[in-house]
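Trainee: the sequence isn't on hand, but the structure is:
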């Protein structure tokens, strides 16, 4: 599947030098177009138009129609834990009426590059941030409450659950200010306490020059 | 001064967790009394222990003579009074406050004053369990992970009244067994379950909200975070009914909305979808094969 990349700035999914960028075709020869920081334009001549997402929903770019929205435009984000390098995971964001052919084309592009693709609805946090960020918030809160030391909490999760790294070391490594920004966006949408940025993330965000 | 721990009792040793704890104790050289109300359960556990150490010999991890010595240190009884000689008793009985309090109350009357009573509870308060005894200073939380004979981690929790000497003696015993203890406060779920139960509930709610399929949710978590199992695979493994029990243990004491039982979970259990043990949960199973992933 030939794809073109229209880039308007730095991409979190595909930083400069990523081999995926080198594999791109010229736009006129591509069946799929990826927008990395450029404004997506509906284009029915393409099998799929892909928009890189941050914390926003795909609907911000496409507009919504009371649950009837969907076309050949999909959102995507390659999962990154803050400042960590991008993972192999691509979360592909669909809308209720997204064309099956567009999903298949998008999947083919990413899987052709050796990435792992999952499909999710257009909801805040997609899959991973929706599930992982409240857990990091809870770990930070429990740390504040003195449940255990950060090292013991991380050791417990590594030894007891087989995690590659513990929640505190992971969220700190990714950047507490980044965690703040993601959880603030989630909290704005869901409004439930689990998504409210943890105190340590609020502190980190306040101290980080913006 | 706390007397040295030489003899260890394990209550609930006919169950999976208790049998594993007994293996840990005996393997480390302690005389180990395995207690259970069920003689059949004890017999089954004895066979499993013999099988476990037999494989250790096959793999060259111990000699046949060492295996025989370890098994010789393990004795079985259905009489609680036989635990009166123990320096440390670890309970791994049904996860119910009244059950554990009653057991510790009986042990309190049977055992000498120096005996430490340890609870393997994963959700209950050590302080509340200790309140069933006249020795709350000598009661400690000692939460092993399944399977105990393979997992090194132990969450160690002092109750409000637990003495430093008791906690240090229990801690030293876990280290003598080659385990890795971590200290937590006596709070619901300690570390592991405090983080895991709400996380698993969130995954169920994501399914219910139509965020993605169970397979895509599990794939995303494994790929992005490096977890060995996805949350829905894990719930299928431990049982959806068990997840409800965990919610019911946590939510009333924490009032954390993430710990509340997701409606989809209750509907699935009502429909008999319990996970691997019923052949269907978030996935469908036939023998060792899993469908839906």
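Mentor: Right, received. Where do you want to start? Keep in mind that this is a model prediction, so the values were computed, not measured.
Trainee: how many residues are close by residue 70?
Mentor: By default, I'm working from chain A. Neighbour count for residue A:70, taken as other CB atoms under 10 Å in any protein chain shown: 19. Bear in mind the C-beta positions are built from the backbone N, C-alpha and C, glycine included.
Trainee: sorry, I should have been clearer: chain B.
Mentor: Residue B:70 has 22 nearby residues by other CB under 10 Å.
Trainee: equivalent analysis for residue B:9, please.
Mentor: So residue B:9, with other CB under 10 Å, has 30 neighbours.
Trainee: go ahead and confirm it touches residue B:90.
Mentor: Yes. With contacts counted by CB atoms under 8 Å, residue B:9 reaches residue B:90, the gap being 7.2 Å.
Trainee: got a pLDDT number for the residue nearest to residue A:77 when sequence neighbours are not counted?
Mentor: With CB to CB, 6 or more residues apart in numbering or on different chains as the criterion, residue A:77 has its nearest non-adjacent residue at 4.8 Å, and that residue is residue A:53. pLDDT for residue A:53: 98.
Trainee: also residue A:83?
Mentor: 89.
Trainee: which SSE is immediately downstream of the lengthiest helix in chain A?
Mentor: In chain A, with assignment by DSSP state H, the single longest helix is helix A:128-144. Using DSSP states H and E, the helix or strand that follows helix A:128-144 towards the C-terminus is helix A:150-161.
Trainee: is chain B contacted by that following helix?
Mentor: Yes. Residues of helix A:150-161 contacting chain B under CB under 8 Å from any CB of the partner chain: A:152-153, A:155-157, A:159-161.
Trainee: so which elements touch that helix?
Mentor: Counting contacts by 3 or more CB pairs under 8 Å, 6 or more residues apart in numbering or on different chains; DSSP states H and E, helix A:150-161 packs against helix A:128-144, helix A:167-174, strand B:153-158, strand B:180-183, helix B:192-208.
Trainee: give me the element residue B:232 is part of.
Mentor: Per DSSP H and E: helix B:231-238 holds residue B:232.
Trainee: please state the offset of that helix from the chain centre?
Mentor: 17 Å (CA atoms, centre = their mean, to the nearest Å).
Trainee: repeat that for stretch A:38-57.
Mentor: On CA atoms, centre = their mean, the centre of stretch A:38-57 falls 15 Å from the chain's centre.
Trainee: phi and psi next, for the residue most central in space within chain A.
Mentor: The centroid of chain A falls nearest to residue A:77 when counting by CA atoms, centre = their mean (4.3 Å). Backbone dihedrals for residue A:77, given as degrees, to the nearest 10, come out at phi -150, psi 130.
Trainee: so who does it touch?
Mentor: Counting by CB atoms under 8 Å, 6 or more residues apart in numbering or on different chains, residue A:77 makes contact with A:12-13, A:52-54, A:90-91, A:93, A:126.
Trainee: and the residues of helix A:150-161 next to chain B as JSON lines, adding neighbour count and pLDDT?
Mentor: Output for those, formatted as JSON lines (neighbours: other CB atoms under 10 Å in any protein chain shown; pLDDT from 0 to 100):
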{"residue": "A:152", "neighbour count": "20", "pLDDT": "97"}
{"residue": "A:153", "neighbour count": "25", "pLDDT": "98"}
{"residue": "A:155", "neighbour count": "20", "pLDDT": "97"}
{"residue": "A:156", "neighbour count": "27", "pLDDT": "97"}
{"residue": "A:157", "neighbour count": "26", "pLDDT": "96"}
{"residue": "A:159", "neighbour count": "19", "pLDDT": "95"}
{"residue": "A:160", "neighbour count": "25", "pLDDT": "94"}
{"residue": "A:161", "neighbour count": "19", "pLDDT": "91"}
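Trainee: which residue ranges form the strands in the chain?
Mentor: Picking chain A for this. Secondary structure of chain A, counting by DSSP state E: strands at A:3-7, A:32-36, A:48-52, A:73-78, A:89-94, A:116-121.
Trainee: try again with chain B
Mentor: B:7-11, B:31-35, B:74-77, B:88-91, B:116-119, B:139-144, B:153-158, B:180-183, B:284-286, B:289-291.
Trainee: for residue B:190, find the nearest of those.
Mentor: Closest to residue B:190 of the strands of chain B is strand B:153-158 (CB to CB; 4.4 Å).
Trainee: the closest one: how far from the chain's middle?
Mentor: With CA atoms, centre = their mean, you get 11 Å for strand B:153-158.
Trainee: what are the phi and psi values at residue A:84?
Mentor: phi -60, psi 160.
Trainee: contacts only, for it.
Mentor: With CB under 8 Å, 6+ apart, residue A:84 has these contacts: A:173-174.
Trainee: give me that answer again for 10 Å
Mentor: A:170, A:173-175, A:178 (CB atoms under 10 Å, 6 or more residues apart in numbering or on different chains).
Trainee: just the buried residues of the residues you listed.
Mentor: A:170, A:174-175, A:178 (16 or more other CB atoms under 10 Å in any protein chain shown).
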